[in-house]
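A.B. asks: A predicted structure for the sequence below; I have some questions about it.
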Amino acid sequence: MDSKVDDKIEQQPAKPPLRPAARQRRRRWIVGAALVVLAAGAGAAYWLGHHVPATSQRAAAPAAGRGRFAGGAGPQPVAVAAAAKGSIPIYFNALGTVTSLATVTVKSQVSGQITDIAFTEGAMVKKGDFLVQIDPRPFQAALDQLQGQLARDQAMLENAKLDLARYEKLGQQNSVAKQTVDTQKATVEADQGTVLSDQAQVEAQKLNLANAHIVSPIDGRVGLRQVDLGNYVQAGDATGLVVITQLQPISAVFSLPEDDLPRLMGRLRTGATLPVTLYDRSDSHEIATGTLATVDNQIDPATGTVKMRAMFPNADFALFPNQFVNARVLVDTLADTVVVPTAAIQQGAPGAFVWVVGDGNQVTAKPVKTGPADGDKTAVISGLAAGDKVVVDGVDRLRDGMRVAIPAARGAGAANAEAGPGSTAAGADAARPAAADADRRARYRAYMQSHGGQRPPRQGGGGAGPAQ
């Protein structure tokens, strides 16, 4: 039995050795697995190099060196200015329109043909200057006729008066009937009425003759003419002959909110004259200066504003009717108050505040109550004293207690102030190279971490970078 089993075992063929192709497939599998592991490691290194170094870079750069004047570990350069006592004008601003005090459309009061035009378009004219002549001959002829009729009726009246005197004398002698005397009295009175009527017609015709000679009713500038020589015009034509606009003096009408009215009226009640300055549409160029003339007698309920008129001499004709302007009314002047540059005023959660440079060139945030502003100056009602140094530039990364440097060239009145430890007269210039060097170091470390410690190649060559 055992011999048979042994024979079967001997008869089974031996397991053939691995062929070269199988060994090659196993080697490929091992190499692929190794590549996957290497790729995973490279991805992790890439993530660490692009995310972790950002935090490292922020931690490496001192907080005092951030912002516009980024630097190393030294104090941050800033520009300062000293608060001082001064005056701030208080203005009320409004939008307005230039308005002429008189605009006249010259119309003919008689009908007739135009025989002469004496004005030049756009010219300045005075009151009474000759403008247009309408043919006067028909009016002169009618006047002559009426004057003749008046002379005839006056003669008839004189004759009737003489007859009345005779009849009255005869009546006293009872030589004529009383009825005859009464009739003659009525004749005299009728002739008197006729003469009065004739005189009125003569005066009316003289007026027509005068109206045929048209003159300027005001001083001003004439516009474009609406008629030509030879045209036939009629009394009451809607278009008229020409428009004359008064330019000197001229006014501007603008509106102010009703909330500004009490302060303005209080100043007017004291007899003060309030100056008004007009600026162009862009509010950048001053056009004219005048005074406030009057305030309207009621508030517009639709807008909550009240209209006002200011007067201007307009000697240089800079103001033109219907011109859009920006008006500034000088209501009052805040005198002997603390004034700082507007750039020093910062806004935060507690409201307005300024950075004050104290002893040792350390900055402190001080809340302030601001008043009116005038251009680049702002009044400080409380919270600041004259002589305090406030930061006007370089406030980006300031914190309470931070030490700052005041470059001499940018001191704004603090050129002789002592700088903090480590600062120089050219602190701003020295801070810029230090910031660039810190940035290069941070980027170098990030590259090393993302490339497994390999140094970056030099620009323009194949060598390794300098050791950091």
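C.D. replies: Everything's here; your move.

A.B. asks: correct me, but residue 231 touches residue 114?
C.D. replies: Yes. Counting by C-beta atoms under 8 Å, residue 114 is a contact partner of residue 231 at 5.2 Å. Glycine gets a C-beta too; all of them are placed from N, C-alpha and C.

A.B. asks: When those two are compared, which one has more neighbours?
C.D. replies: residue 114 (20 against 14; other C-beta atoms under 10 Å).

A.B. asks: Touching, the more buried one and residue 226? I think so.
C.D. replies: No. Using C-beta under 8 Å, residue 114 is not in contact with residue 226; the gap is 11.1 Å.

A.B. asks: what do those two both touch?
C.D. replies: Common contacts of residue 114 and residue 226 (C-beta atoms under 8 Å, 6 or more residues apart in numbering): none found.

A.B. asks: For the residue nearest the centre of the chain, give me its contacts.
C.D. replies: By C-alpha atoms, centre = their mean, the chain has its centre lying nearest to residue 283, at 4.1 Å. The contact partners of residue 283, taken as C-beta under 8 Å, 6+ apart, are residue 326.

A.B. asks: backbone phi and psi for it, please?
C.D. replies: phi 60, psi 30 (degrees, to the nearest 10).

A.B. asks: any idea how far it is from residue 367?
C.D. replies: Here residue 283 is placed at a distance of 31 Å from residue 367 (C-beta to C-beta, to the nearest Å).

A.B. asks: what about the helices in this protein?
C.D. replies: Along the chain, the stretches classed as helices by DSSP state H are 2-11, 20-60, 137-172, 178-211, 261-269, 427-450.

A.B. asks: Which elements pack onto the third one?
C.D. replies: Under the contact definition 3 or more C-beta pairs under 8 Å, 6 or more residues apart in numbering; DSSP states H and E, helix 137-172 sits against helix 178-211.

A.B. asks: mind listing what's buried in the helix it packs on?
C.D. replies: 181, 184, 187-188, 191, 194-195, 198, 201-202, 205, 208-209, 211 (16 or more other C-beta atoms under 10 Å).

A.B. asks: Provide the backbone phi and psi angles at residue 123.
C.D. replies: phi -80, psi 160.

A.B. asks: Would you confirm that it contacts residue 219?
C.D. replies: No. If you go by C-beta under 8 Å, residue 123 and residue 219 don't touch, sitting 11.9 Å apart.

A.B. asks: Looking at those two, which has the bigger crowd around it?
C.D. replies: Taking other C-beta under 10 Å, residue 123 and residue 219 do not tie; residue 219 has more neighbours (16 against 9).

A.B. asks: from memory that one sits against residue 127, does it?
C.D. replies: Yes. With contact defined as C-beta under 8 Å, residue 219 and residue 127 form a contacting pair (5.4 Å).

A.B. asks: Residue 169 and residue 181: what is the separation?
C.D. replies: 10 Å.

A.B. asks: Kindly list the longest strand within the chain.
C.D. replies: If you go by DSSP state E, the chain has its longest strand at strand 324-341.

A.B. asks: Off-centre distance for that one?
C.D. replies: Relative to its chain's centre, strand 324-341 lies at 16 Å (C-alpha atoms, centre = their mean, to the nearest Å).
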